[in-house]
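Q: Following is a predicted model, sequence given first.
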Amino acid sequence: MLRRFLFLMPFLATIITVFAQEKVDQEMINKIREQALNKSKVMDIALHLTDLNGNRLANSPGYKRAANYAVDFLASIGIENAHQESWGEFGKGWELEKVYFSMTSPYYKPILAFPKTWTAGTKGLKSADILVIDLKDSISIQAYKGKLKGKVLLPDMNYQYMHSFKADAVRYTDEELQKMASAPAAAARQQRDTAQIRRMREQMQRNMAPQRLLNILKNMAKEEGAIAVLSSSTRNHDGTIFAQGGGSYKASDPDNFLDLVLGVEDYNTLLRIAKNGIAVKVDTEVKTKFYSDDLNGYNVIGEIPGTDPALKDEVVMIGAHLDSWQTGTGATDNASGSSVMLEVMRILKALNIQPKRTIRIGLWSAEEQGLLGSRAYVAKTFGGNAASPKTPAHDKFSSYFNIDNGTGKVRGIYLQGNEACKDIFTAWLEPFKDLGATTVTISNTGGTDHQSFDGVGLPGFQFIQDEIEYDTRTHHSNMDVYDHLIESDLKQIAAIVCSFAYHAAQRDEKLPRKK
């Protein structure tokens, strides 16, 4: 028995050393868990950001309502300096006031349709013939010159309905998480990422060709007085419609031509009838409104000041983007993340935590247009890129933690290549193994606001979350509504994010940075 124990001692010593080096406050974690899991307000916050607010398109009235709510909420729980902070000019706001679309001949059929953002309306109810357009190349488009006035245009696209034999909602399996945890080191990953980027660029180039032709058609349609163009994709099926941007939104940009997105089943119905030589007539009325009284974009900022004289100027940040697209109410993208971050600040105040470092929240605007709000904030506050030299705050920054992958619970965290944080985060996740959060992966993930920090050399992290039905059903769609949130998952996320923020604020040193 003694011989077996002696054999195990080196392995036990390694485990003990890892966790002994990184302090974990289990007593505080227990208090955080009690607040997050049993006294949560996260669903009430989410309700205020979705059903009670409407969509939160950047610079729209809905975004401004949500930002006002967030500031008022933060102030009500005692967060200091809660305010909306302008980051510069964004452009026009936009709001959908009415949409109606139906086929009236050869028979009546109501059709669900959503206009893309920043598009013009119809200026009243219009009755129109469908005109099928061959988008083969720019020469084929010119064949329709002089024929577009008063028509609703239907590009002849091959959107084949694809049956799915997989569940919409999924969670990561143990095998998938283990694969993430065992991701290759930097050199192999660099080679893999380069190949992935090349494939993505090739796909983008393939997608650009039809989009370029569609833009040519829209310009001609606008000049000739067509009513609208119809769009779809193979993702738009079973009542779910993914509809996003319809064009530019800068103050000097003209209104974009009306682009209505339909489900693939309805799109194909119209196309099949028309291609069989039967005249298709539709009625449509779309009313939109542009706002140009305030062109600036605004983030929501607030903080709990640090209390340690030597560390109080150092900052730990948590954040999520507050803006959404227009078809739903942005529940999983990203009222979920914003609600969690507001809940984290509530928990910290409810427990009367006096952090050594300052803990600051940032709810970002215009993430959907390219991380605009967070990038501008980082450039102004911390600098570190070609256009913005590093500020003193850059050296005093500890870390940023982001949520923006839907309603799914946390399963771990992406290191963004920061190997120095691996043992730290492993220790911080250990108390949450019973809640399913165990995985630390060296891999990068993109597409959200932690990149604004990571891109200028600051430790910025996004958590690994269960996909649930993010890509299959809710992301940027009309199904992105309150009912698709999972309460228990959001409570779990809040507990883990709060613990990470607390421990980052209390540890002796700032989190290490990438070499």
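A: Noted; the coordinates are in hand.
Q: For burial, what's the neighbour tally of the closest residue to residue 482 other than its chain neighbours?
A: Spatial nearest neighbour of residue 482, chain neighbours left out: residue 50 (4.6 Å); criterion: Cβ to Cβ, 6 or more residues apart in numbering. Heads up, the C-betas are built off the backbone N, CA and C, glycines and all. Residue 50 has 27 neighbours, counted by other Cβ atoms under 10 Å.
Q: wait, doesn't residue 50 sit right on residue 332?
A: No: counting by Cβ atoms under 8 Å, residue 50 stays clear of residue 332, with 9.8 Å between them.
Q: confidence score at residue 136?
A: On the pLDDT scale, residue 136 is placed at 87.
Q: Sorry, wrong one. I was asking about residue 204.
A: 57.
Q: how close does the residue nearest to residue 482 sit to residue 239?
A: For residue 50, the distance to residue 239 equals 19 Å [Cβ to Cβ, to the nearest Å].
Q: how much space between the residue nearest to residue 482 and residue 255?
A: For residue 50 relative to residue 255 (Cβ to Cβ), the value is 28 Å.
Q: try residue 349
A: 45 Å.
Q: Looking only at neighbour counts, state which of the two leads.
A: residue 255 (18 against 15).
Q: my guess is the more buried one contacts residue 120, does it?
A: Yes: contact criterion Cβ under 8 Å: residue 255 and residue 120 qualify, at 4.0 Å.
Q: Could I get the contacting residues of residue 218?
A: Taking Cβ atoms under 8 Å, 6 or more residues apart in numbering, we find residue 218 in contact with 229, 256, 257, 259.
Q: and if you look at residue 256?
A: 116, 118, 119, 120, 218, 246, 247, 248.
Q: Please apply the same query to residue 97.
A: Applying Cβ under 8 Å, 6+ apart, the residues near residue 97 are 121, 287, 288, 289.
Q: top of these by neighbour count?
A: Going by other Cβ under 10 Å, residue 288 tops these with 22 neighbours.
Q: That one touches residue 93, doesn't it?
A: No: the criterion here is Cβ under 8 Å, and residue 288 misses it with residue 93 at 10.8 Å.
Q: residue ranges of the helices in the stretch 1-150 of the chain, please?
A: Secondary structure of the stretch 1-150 of the chain by DSSP state H, counting those that start in this stretch: the helices cover 2-21, 26-38, 42-49, 61-76, 138-142.
Q: any idea where the helices of the stretch 151-300 of the chain begin and end?
A: 174-181, 186-224, 264-275.
Q: The first one: which residues count as buried?
A: The neighbour-count criterion (16 or more other Cβ atoms under 10 Å) identifies 177, 180, 181 as the buried residues of helix 174-181.
Q: So which residues make contact with it?
A: Against helix 174-181 from outside (Cβ under 8 Å, 6+ apart): 172, 411, 412, 438, 439, 440, 441, 443, 464.
Q: quick one, phi psi at the spatially closest residue to the third one that is not a sequence neighbour?
A: Same thing as residue 412. Distances taken as Cβ to Cβ, 6+ apart put residue 439 closest to residue 412, at 2.9 Å, once the chain neighbours are dropped. Main-chain dihedrals, residue 439, degrees, to the nearest 10: phi -90, psi 130.
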